[in-house]
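Asker: Next come a sequence and a model predicted from it.
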Amino acid sequence: MPLNRTALWYKDAIIYQVHVRTFHDSNGDGIGDFQGLNGKLDYLQELGIDAIWLMPFFPSPLRDDGYDIADYNAVHPTYGTLDDFRKFLESAHERGIRVIIELVSNHTSDQHPWFQESRSSRDNPRRDWYVWSDTDTRYNGARIIFLDTEKSNWAWDPISKSFYWHRFFSHQPDLNYDNPAVREQMWEVMKFWLEMGVDAFRLDAVPYLVEREGTNCENLPETHEVLKELRRRLDESFPGRMLLAEANQWPADLRPYFGDGDEFHMAFHFPLMPRMFMGLKLEDRKPITEILHQTPEIPSSCQWSLFLRNHDELTLEMVTDVERDYMYDSYAESKMMRLNLGIRRRLAPLLANDRRRIELMNGMLMSLPGTPIIYYGDEIGMGDNINLGDRNGVRTPMQWSGETNGGFSTAPPERLYAPIIQDPVYGYQAVNVLRQKASEHSLINWMRTITGVRKSTGVFGRGSIEFLYPANHRILAFIRQLGNEAVLVVNNLSSSAQAVELDLRHYKGNILIEMFGKNIFPRVGDLPYLLTMGPYQFYWFRLRRI
Amino acid sequence: MREMIVSELNQALHELAKGFAHFLPRLIVMLILALVGWAIAYFVKVVLRSVLRLIKFDKLSENAGASQLLSKAALPSATEVLSRFVFWVAWLGVILLGVSVLGILGLQEQVAKFFLFLPRLFVAMFIMFFGLLAASFFSRAALLAAVNANVPSPRVLSLAVRSIIIVFVLSVVFEELGLAEQTMLVAFGIAFGALMLGLAIAFGMGGRDLARRFLEKKIVRDKKEENEDELSPL
Amino acid sequence: MAEESFLTDDFLRQLMNVGEVDILVGLPTHNNAKTVGSIVHTIQTGILRGFPRARAVIINADGGSRDGTPELVTGVSIDDARPASNLYALRTLHSISTKYANSSQPSNKVAFRTILAAAELLRAKACVVMSPESANVEPEWLSKLLGPIYHDDFDLVTPTYSRHKFEGLLITNLLYPMTRALYGVRIRETYSPEFGFSGRLGTQFLGQNIWTDATNGTGVELRFTLAAITGKFRICQSFLGEKIQIERRSADLVPALRQTVGALFSALEPDFPVWSVVAGSEPTLTNEADHGVLLEPLRINRKRLREMFSTGVAELESVFQSILSPATLAELQQIARLRDEDFRYPAELWVRTVYEFAASYQKSVISRDHIIQALAPLFRGKALTFLTENRNASAEEIENNIEGLCREFERLKPYLLQIWKSSE
């Protein structure tokens, strides 16, 4: 199946987030690799995936799961070779699947040769590639991001006897983007991969690229300049490729990252995600509609990226204290589940393995405006292991079958990069791809159905959104529209049955056609449209005027 | 001569006896009727007395102020009075019925009139009773309202209300009984009018200042001294 | 049941959309446009501060306002259709309003019934009634009235206020001592514009048949408190603050009597099995020690009180003959003749007066409403005595005097039982 060659392919795509290490091990060393991933592309194609977002697979001391990069232009030997990667890339493209890779632009590992050189002496040519200072008091307006582990954004380097700046772990020194050499080098890195055929980059931690005294060192104008420059060069040399921003900010602060359509193509809508969980627990749509109401318009070529969970903790940075406490009490009763300012649990455990809630959340993910991202394993409802440190609890091996190691690897179980989930509820024997494929009503088959329905119309990916505000606050209802096509989405956020009257006056005369079963529902008349919904139920209706 | 007198006497006696014999059955019938009537009347009295006791008629009449009147007249309680009255009326009624059956002319007409009059008598009593009740209630209501509003001479006001209502009730009663209808109506009209005029003059002259202050308050509305000196009870 | 429902279709639809709630705030109004906006704002603040995660709703039972009061309430509903609200809230806080049907004039009884019905349909756990007439409502009042119910499982929370020592004499001289003596529970404010109650208590009271009885229309709030007592519900008191009303209702003694004393007297008959066996009284749990009374001097028209008492005793003799015992009446006439300086309405006489009134009320010796009206001038006399005795008293002395009066009521309770039973 050939690649979708439209310029705005990312608007119609469904993205699958995966780490090559977790997916499939082809050589029995207990760690997933590219050959293994390659072998599973058919699975992803069947699922309806259009693009794979790969977590960092570059050479790295792996003290931050690969986000501490020691070499930008190679593949970590445990995952395979550059050739393996190329083969994988080709196979993906053959199946119509694009590949998005990480570009960790803000910082490198302290094992990267550049940093080794930079710290060796103050006169080294690469000295200015990083941000050095004799004191640790500069830029004190900047907050600490990894609150659980770091006490300061400055770390002392015994070798060059000065402080270096790091917004993340202390072994991840920040690159100095005021240095043109750094900016040029970053472009070279991008070019390397683009020439190979990579379709897009997710730029990690972009708000923090540039620091300035007297500011909070986030989202500065200089940072945007750097990014616009990269984009310009991208468009010039590699049209049709995409840049995705990772910036955990309020929507209003995120808006500048789209520029005038001349910066990022896509950005993650971080603040929406915790509010979806909150709305579900509160049984009240208010948090969801409010944040979307506050979300600014973006250029027509740009797109939000939506997700339910990812490799990090479910972040609660962008909520108020009251909301955060509520989320902690609702979703993370045990302190062990909390990390930094978030909750480190997978989707299924967060929703108590309730199939209806999982479907409802996925339904919202697929129908709200933006490109949805599925985190690997969530399509079968994998569980987590909070006893693993940091965020590793949500990064356990993919569960393919009921055999040893869940079919992930032929290595002895002790050699796996992380233990596979084994508890009776979420363990690999209960939750795996093979078993679910064989069962008609399994979660994975339902996911295949919904991705299919979503892709049957361009309305979800490209259409506008208009919220209906029925008086029953437990119902989230909105209309997606693109040209003449309109779809009505109604979600019951409550655990009990609800009745709702919708004001569909504008759509009077339309027949409602339910999109999963394709059955006709009553036509819209003069009176408010009454719907009765079961617990956590949702409807997608095509509005058809015949 | 003696034989003539004796035979005449004999004939007269004979006639008398014949007439008497003729009359006797009717007399006996009447006596029987009277006895039966007494029984019926007694029965009615007992039933009525129970009914009245059940609806606490005594209390009602106390409210009406009728009990006070009765005790002043050294009569027993209202229930008792009414029961006995009904007893006598019932008995009399039955007797009169009997008399009319006897066929004594002239009396029949009077009996009929009596029976026609009876309902109106009851209606009039009914009106009187409830009229007294109303008069008592409203006069007391006026008394309380006047006392609580600190209006001068509340008892006079109360009495006035009671008088008006009683006069009105009396006139209606008399009209119902058909006694001197026109006279009563005119008399009532005059009395009522005079009373009203009198009250008007009295209030007008005496309440001149009061009226002025009242109007001032309503129209000018700035004197709140009186209220400020009051406390709120809750 | 053929009885017509008193909830309108529109209100039911609104209730349906609100769904189950944890907290319900009832707000009866009639032409309160001037104050209702700030009251609702205060309520919202109070709920969001005290119970940020609770599902809550404000129910406005309006008696046919013509000044736009209902719109002012619904217009500040906190939901996503009105994003301009400046109160941050975790979830939707509905503000709905209904004009209670089948009533052409404002009625506390119908308003309260509407609120109780809504509380039952929405399965509210804790409810509170607020009044738009109170001038100094604070957000903390919500926590104070709802907290014990929401957290500690109480059923009724009555307020206590700090008042001027001479305000609320009807409460300190009659309602409080009498309910205390008869029902055995020391609730200071049995009749108050704001109070909290549990869903349990509300449902039970809603089921009682006082609603259709026309004569018991007034004073439903007092009946509510008494129902809580007789039903052995858990009651506590909560200190709110000063009692400041928007309009000083000074000349309304007779309506006040009807709503309070009338309600109390009419409750005595059905509640007889309860209060006839109670002896003494138990203190009620109160949070926060009372903040005392305000002692500043107040200009009061004592002469008028004296006059109205004396006039009353004189003019209403015929009425009192039906109500009071000859001995009591004679004593009253005696004190009415006292000189102003010597005037005193002794506590013992007052208690006997009140009890005889209660007994006469029960027997309906004359129209019950008239009995209540007849009490007014006598109350004025007692009030005057209270003012005189406590003219220079401290807060503590006043409280002791009130306590003394309470004991007098308790001591003479057998007398009431005696004259009560004599009618059975």
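Answerer: Nice, I can see it. Numbers count the residues shown, from 1 in each chain, chains lettered A, B, ... in the order given.
Asker: distance of A:Ser91 from C:Thr69?
Answerer: When distance is defined by Cβ to Cβ, to the nearest Å, A:Ser91 is 71 Å away from C:Thr69. Heads up, the C-betas are built off the backbone N, CA and C, glycines and all.
Asker: Between the two, point out the one with more neighbours.
Answerer: Higher neighbour count among A:Ser91 and C:Thr69: C:Thr69, with 24 against 16, using other Cβ atoms under 10 Å in any protein chain shown.
Asker: And chain B, what are its domain boundaries?
Answerer: Structural domains assigned to chain B are B:22-104, B:117-219, following automatic domain parsing.
Asker: the helices in the stretch 151-300 of chain C, which residues?
Answerer: Taking DSSP state H, counting those that start in this stretch as the test, the helices found in the stretch 151-300 of chain C are C:169-170, C:176-183, C:199-206, C:220-230, C:253-257, C:263-268, C:272-275.
Asker: same question, the stretch 1-150 of chain C
Answerer: Taking DSSP H, counting those that start in this stretch as the criterion, the stretch 1-150 of chain C carries its helices at C:9-18, C:33-50, C:69-74, C:108-121, C:140-152.
Asker: Let me have these in JSON lines, extended by distance to A:Arg474 and mean pLDDT.
Answerer: As requested, the helices of the stretch 1-150 of chain C are exported to JSON lines (distance: least, Cβ to Cβ, whole Å; pLDDT from 0 to 100):
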{"stretch": "helix C:9-18", "distance to A:Arg474": "9", "mean pLDDT": "90"}
{"stretch": "helix C:33-50", "distance to A:Arg474": "19", "mean pLDDT": "92"}
{"stretch": "helix C:69-74", "distance to A:Arg474": "19", "mean pLDDT": "89"}
{"stretch": "helix C:108-121", "distance to A:Arg474": "16", "mean pLDDT": "91"}
{"stretch": "helix C:140-152", "distance to A:Arg474": "22", "mean pLDDT": "94"}
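Asker: Out of those, flag the one nearest chain A.
Answerer: Closest approach to chain A among these (Cβ to the nearest Cβ): helix C:9-18, 3.7 Å.
Asker: hang on, the earlier thing: take the helices of the stretch 151-300 of chain C and write them to TSV, including distance to chain A and mean neighbour count.
Answerer: Output for these, formatted as TSV (distance: least, Cβ to the nearest Cβ, whole Å; neighbours: other Cβ atoms under 10 Å in any protein chain shown):
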stretch	distance to chain A	mean neighbour count
helix C:169-170	44	21
helix C:176-183	41	25
helix C:199-206	18	19
helix C:220-230	30	23
helix C:253-257	39	21
helix C:263-268	37	24
helix C:272-275	40	16
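Asker: can you redo the ones you listed as JSON lines with mean pLDDT?
Answerer: Shown next, in JSON lines, are the helices of the stretch 151-300 of chain C (pLDDT from 0 to 100):
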{"stretch": "helix C:169-170", "mean pLDDT": "88"}
{"stretch": "helix C:176-183", "mean pLDDT": "93"}
{"stretch": "helix C:199-206", "mean pLDDT": "93"}
{"stretch": "helix C:220-230", "mean pLDDT": "91"}
{"stretch": "helix C:253-257", "mean pLDDT": "86"}
{"stretch": "helix C:263-268", "mean pLDDT": "90"}
{"stretch": "helix C:272-275", "mean pLDDT": "91"}
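Asker: among those, which is nearest A:Arg523?
Answerer: helix C:199-206 (41.4 Å; Cβ to Cβ).
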